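1. Sequence plus predicted model, see below.
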Amino acid sequence: MNKVNLFLIGVNKAGTSWLHYLLDHHPDVFMADVKELYFFGDEGPEGEGPETRTAYHSHFPFDENYRYFGDATVMYYKSAATADEIRAYNPDAKLFAIVRDPIQRLLSQFRYNKQLGLIDEG
């Protein structure tokens, strides 16, 4: 079956990049060459993401070297309709949903923005 069968969803600053990295380095898993594909749902930035299933599948080799083919688009968590789309696409897909304590997430986002120089020290 040539379908994506692993989805990584969740909130920002919850460890999704770290889990993406770990999964990508597992010998049985191929994670898409682009994080945040925005194929399912309508939560992605306007005009981003593949528009056809063929374009979506072009990010995966679909060969026997891998057991799982993963899409790490964390924004998929925002809509129940997106979950229905994924289920219709592949009812056997595995979903990893990552959440984090909201206060810890806020503090992490603040530190990250400060590190990027987006927050004024004054």
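-> Great, that's in hand. Not measured: the values here are computed from a predicted model.

2. Let me see the contact set for Gln73.
-> Just so we're on the same page, residue 73 is Thr rather than Gln. Contact partners of Thr73, counting by Cβ atoms under 8 Å, 6 or more residues apart in numbering, are 7-9, 35-40, 44. All C-beta atoms are positioned from the backbone trio N, CA, C, and that covers glycine.

3. Show me the shaky parts of the protein.
-> Low-confidence segments of the chain (pLDDT under 70): 1, 43-49, 122.

4. before we move on, the earlier item: the contacts of Thr73, buried ones only, as a PyMOL selection?
-> Buried members of the contacts of Thr73, defined by 16 or more other Cβ atoms under 10 Å, are picked up in PyMOL with:
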select buried, resi 7+8+9+35+36+37+38+39+40+44
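
5. Which of the contacts of Thr73 fall within strands?
-> Of the contacts of Thr73, the ones assigned to strands by DSSP state E are 7-9.

6. could you point out the longest helix in the chain?
-> helix 102-115 (DSSP state H).

7. any residues touching that one, and which ones?
-> 11-14, 100, 119.

8. Quick one: buried ones out of these?
-> With burial judged by 16+ other Cβ under 10 Å, the buried subset of these is 11, 13-14, 100.

9. need the strands for this structure, in chain order.
-> With DSSP E as the criterion, the chain has strands spanning 6-10, 29-31, 68-72, 94-98.

10. Let's have the ones you listed in TSV, adding distance to Ala88.
-> TSV is the format used below for those (distance: least, Cβ to Cβ, whole Å):
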stretch	distance to Ala88
strand 6-10	13
strand 29-31	22
strand 68-72	15
strand 94-98	14
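
11. how distant is stretch 60-69 from the center of its chain?
-> Stretch 60-69 sits 17 Å away from the centroid of its parent chain (Cα atoms, centre = their mean, to the nearest Å).
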